[in-house]
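Visitor: 3D model of this:
(chains A and B)
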There are 2 protein chains.
Amino acid sequence: MTNDVRAYVTDHSAELLADLDDWLRIPGISAQPEHRDDVIRSAEWFADACRRTGFPTVEIWPTAGMPTVYAEWPSADPDAPTVLVYGHHDVQPVDPIELWNTDPFDPTIDGPVLRARGASDDKGQMLFHLLGIRAHLAVTGAQAPAVTLKFLIEGEEESGSPHFEPLLAERRDRLDCDVIVITDTGMLAEDIPSAVTGMRGMVSAEVSFHGPDLDLHSGVFGGAVPNPADATARLAAALHDADGRVQIPGFYDDVLELTDRERELLAKVPFDQERFLATSKSRALAGEAGYSTLERLGARPTAEVNGIGGGYQGPGAKTIVPSDAFVKLSFRLVANQRPAAIRSAIEAFVAEHTPTGISSRITWEGEGVAPCLVPIDNPAYQALSNAICTAFDAELILPTREGGSGPEAALQKSLEAPMVFLGVGLPDDQIHAPNEKVTLSMLYKGAEAAAHLWREFAELGRKGLTG
Amino acid sequence: MTNDVRAYVTDHSAELLADLDDWLRIPGISAQPEHRDDVIRSAEWFADACRRTGFPTVEIWPTAGMPTVYAEWPSADPDAPTVLVYGHHDVQPVDPIELWNTDPFDPTIDGPVLRARGASDDKGQMLFHLLGIRAHLAVTGAQAPAVTLKFLIEGEEESGSPHFEPLLAERRDRLDCDVIVITDTGMLAEDIPSAVTGMRGMVSAEVSFHGPDLDLHSGVFGGAVPNPADATARLAAALHDADGRVQIPGFYDDVLELTDRERELLAKVPFDQERFLATSKSRALAGEAGYSTLERLGARPTAEVNGIGGGYQGPGAKTIVPSDAFVKLSFRLVANQRPAAIRSAIEAFVAEHTPTGISSRITWEGEGVAPCLVPIDNPAYQALSNAICTAFDAELILPTREGGSGPEAALQKSLEAPMVFLGVGLPDDQIHAPNEKVTLSMLYKGAEAAAHLWREFAELGRKGLTG
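Guide: Purely as a prediction, here's the structure:
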């Protein structure tokens, strides 16, 4: 079976390359209104590719913004699990264009890589799926996949998915599934197969403090009236203790601690401190005591000051007691923290840190985003691990965690199904940057892994998947 | 003698009124270049008034900005003390002009008060001095004052005295004196004679913190790199403990504590808390525990956050770890704190509060201003107290303290003589505001007090004055 899949993918890799060359020429930049028609063309191109692959149902779903492609291919077995694959067909802007060595929309093969905007994020990965399905059908000899496949390929992921949640609500009845496969992430290295197992959620807010109703002369009033800039600084400073632990009462109550096995696997993930410092242009590491940098980034919640302001900010000095000050805060959340509970804890903390004579106000940025977690002992993750190990001739995949999140939390919340991440981008793919590339061998491995994954899921069955 | 002085002032009050009416018509606004010629005319007017009063030496001293008037009248007694009187002939701008009920440069008598820009600050007070000298001469029957008088009347006090220190350096040899009399302040009320005994000094600086060389995505890097906005908040928050005590090591080392007698007298100064809160539009008092509001404002040093900034300050949220942040701080100083020592203490404090991976930089706003103090057991202050008590038929004057300072510190530093404050403005004079007024009876009392003061100083003699 392994060799059959690999042989099919190898024999048909030119099809993937030809599709890539065609699709990557469409500059479907969702953030730029002048590319509106290109995003629509991009959706139509992918819908047609799904039809060519054999999907019996292919639809383009309009939204208030850019369209989503939906494709459905029922298994012949009515009891087979249903898998929903999420990805996106839109791409990032190309600015600064002068830093590109080739035309971002004229795909160029350069030895083992192909360069173009969208090559890795996310068109290349969408196309490995189509090749993977053809491989899966070829080796099983069936007319339909062993699982029911639903592809939900968004057109606004690169502009913040503003219409994704309404779309999920509107189309909820079509999207029932037993497992969700996210294909918009990457692996640690070509020879270190891995899968994302967590994405942090977030709440963010501006906290503003109001003191005297006007800026006061600090010579006349300084030392005798409360100062809102002082209150702002004190709130921000009170967020952490000297060990980098967040000091908001209850903040860690719902945090699911890493298991020993997770810490053991995470410790195997290569981490190049020099490279991390060079990338972040930071002079030191920092963070919560007792955790590694990768644990801090993926598995631990944070409180961060994103901005602070108040009083006189111009050149030189102006000796005032300011009337107003504010701080913008964001809190990255991990499983099983709940945005609503964290918001309440922050509200109590701000109230406690509002001095007499100062008023405070919290302006929330939306309701917040819940964190995502893939438990590594989950059957869906085991199936994913088997499929990737087979494709990569590996014995183990490493679980990784991402610091931020996209629309995954909304998907998980709406569909209430286990979620796994099958993505083959590499850290040096330069997604969102000039000279984006994809390593072609990773796409072929992705196609193999997908072909194996549908078999793995079918073997587990619905009961095995959902426990 | 008292009745002689009072009788002379009463009999000649019309001269003061006529001079006021004339001089106040000159709009000598030093901050507005279009009034440059008016400020020069104002200096010439006052120089001429000094000549009319009898000063044998009257000069107009040019500066890089507006001119200062210098007048000198030697005592017949070569051993008599020399007194330097400081005041100013320039006035504040009149905006917002629409809030004036009368033309600011058409002096208007309204019952007990006269309204015009400069009536109280400082032309009225300069003119009580000229009447006071004439009263002093009339009652002593002498051709020259009992002390050598030097009048130094600045033309840029209302625009920050930018050329005052260079002028003091340039003319230092002319300005030797045994005591300095500042006439640019006020009293607590018509029936509560008082004198300023202290003015706070200041150092101020911007402290900036630099972290990563670029703003970082807080999803990707948050929780693992040091945040300069956090460092800024921590520095600002560390300035005070919960009791409002400044936490910079050594900050209070040189502070001259209030004596029991000073606290006792300061406690007699009426303080209307409701009025203070209404004026400051603040909802509560604050400050260093263990001190009254008047003590906090006048006799205690402070650390104040004047401004703070860093990271994202626009609408909504931007989830970054900022690259830079800063805080603008000012420190009001009291006797005997020295700006240089305080700057050193702050430098050590900032260094101690600069976390690993963050760099800090301090930009000082000049060298700072030393505080002024008039010890109430000083002979010059006793002479002042006697003169004011005689003029006001009072048994006691209350010592007050001002929160900020003007060019007084530069005068004291340059001339190294004891300093006293003889000023008769009232808290409701609306100096620097629309509808400035002066209470005419206060000017007459000022003239009487000045006449008595020259006699008091002469009786003390140089030895008695300088100890």
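Visitor: hey, let's count contacts and neighbours off CA atoms from now on
Guide: Will do.
Visitor: could you say which helix or strand holds the residue lying closest to residue A:226 once chain neighbours are set aside?
Guide: Once flanking residues are discounted, residue A:226 sits nearest to residue B:286: 5.3 Å by C-alpha to C-alpha, 6 or more residues apart in numbering or on different chains. Using DSSP states H and E, residue B:286 is not contained in any helix or strand.
Visitor: what residues does the stretch 101-250 of chain A put near chain B?
Guide: A:200, A:204-206, A:211-214, A:216, A:218-227, A:229-234, A:236-237 (C-alpha under 8 Å from any C-alpha of the partner chain).
Visitor: mind giving me the packing neighbours of the helix or strand of chain A with the lowest mean pLDDT?
Guide: For chain A, using mean pLDDT, DSSP states H and E, the weakest element among its helices and strands is helix A:218-221, scoring a mean of 85. Here helix A:218-221 touches strand A:320-321, helix B:293-298, going by 3 or more C-alpha pairs under 8 Å, 6 or more residues apart in numbering or on different chains; DSSP states H and E.
Visitor: how far is that helix from where the chain is centred?
Guide: The chain centre lies 51 Å from the centre of helix A:218-221; the measure is C-alpha atoms, centre = their mean, to the nearest Å.
Visitor: and the strands in the stretch 351-467 of chain A?
Guide: With strands called from DSSP state E, counting those that start in this stretch, the stretch 351-467 of chain A shows them at A:359-364, A:372-373, A:398-402, A:419-421, A:437-439.
Visitor: tell me the helices and strands packed up against whichever strand or helix holds residue A:262.
Guide: In the assignment (DSSP H and E), residue A:262 maps to helix A:260-268. Contacts defined by 3+ C-alpha pairs under 8 Å, 6+ apart place helix A:260-268 against strand A:398-402.
Visitor: which strands and helices sit next to the strand it packs on?
Guide: Strand A:398-402 packs on strand A:194-199, helix A:260-268, helix A:293-298, going by 3+ C-alpha pairs under 8 Å, 6+ apart.
Visitor: gap between the residue nearest to residue A:226 and residue B:404?
Guide: To residue B:404, residue B:286 is 18 Å away according to C-alpha to C-alpha, to the nearest Å.
Visitor: can you check residue A:126 too?
Guide: 69 Å.
Visitor: just to revisit the earlier point, save the helices and strands packed on strand A:398-402 as a markdown table, and put in mean neighbour count and mean pLDDT too.
Guide: As requested, the helices and strands packed on strand A:398-402 are exported to a markdown table (neighbours: other C-alpha atoms under 10 Å in any protein chain shown; pLDDT from 0 to 100):
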| stretch | mean neighbour count | mean pLDDT |
| --- | --- | --- |
| strand A:194-199 | 24 | 94 |
| helix A:260-268 | 14 | 92 |
| helix A:293-298 | 24 | 92 |
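Visitor: nearest to residue A:342, of those?
Guide: Counting by C-alpha to C-alpha, residue A:342 lies closest to strand A:194-199 out of the helices and strands packed on strand A:398-402; the figure is 17.0 Å.
Visitor: so which residues make contact with the closest one?
Guide: The list of residues contacting strand A:194-199 from outside it, by C-alpha atoms under 8 Å, 6 or more residues apart in numbering or on different chains, reads A:185-188, A:298-299, A:334, A:371-376, A:397-405, A:420-423.
Visitor: now, of those, which are buried?
Guide: Among these, those scoring as buried are A:185-188, A:298-299, A:334, A:371-376, A:397-405, A:420-423 (criterion: 16 or more other C-alpha atoms under 10 Å in any protein chain shown).
Visitor: do you know how far the residue nearest to residue A:305 when sequence neighbours are not counted is from residue A:371?
Guide: Leaving aside its chain neighbours, residue A:305 sits nearest to residue A:329 (4.8 Å; criterion: C-alpha to C-alpha, 6+ apart). According to C-alpha to C-alpha, residue A:329 and residue A:371 sit 17 Å apart.
Visitor: flag the shaky bits of chain A, pLDDT-wise.
Guide: A:1-2, A:467 (pLDDT under 70).
Visitor: what sits against the residue of it positioned farthest from its centre?
Guide: Here chain A reaches farthest from its C-alpha mean at residue A:220, the gap being 52.8 Å by C-alpha atoms, centre = their mean. In this structure, residue A:220 makes contact with B:297, B:402-404, judged by C-alpha under 8 Å, 6+ apart.
Visitor: kindly recompute the last result at 7 Å.
Guide: B:403-404 (C-alpha atoms under 7 Å, 6 or more residues apart in numbering or on different chains).
Visitor: same check on the one 3 residues further on?
Guide: With contacts defined as C-alpha under 7 Å, 6+ apart, the neighbours of residue A:223 are B:287, B:296-297, B:302.
Visitor: tell me the SS of the closest residue to residue A:420 other than its chain neighbours?
Guide: In space, and not counting its chain neighbours, residue A:420 is closest to residue A:181: 5.1 Å by C-alpha to C-alpha, 6+ apart. Recorded secondary structure, residue A:181: strand (DSSP: H, G, I helix; E, B strand; the rest coil).
Visitor: state the distance from residue A:181 to chain B.
Guide: Distance of residue A:181 to chain B, given as C-alpha to the nearest C-alpha, to the nearest Å: 22 Å.
Visitor: that residue and residue A:86 touch, don't they?
Guide: Yes - the pair residue A:181 / residue A:86 is scored as a contact, 6.2 Å apart, by C-alpha atoms under 7 Å.
Visitor: which residues does stretch A:128-142 contact?
Guide: A:4-5, A:8-9, A:16, A:53, A:143-145, A:443-444, A:446-448, A:450-451.
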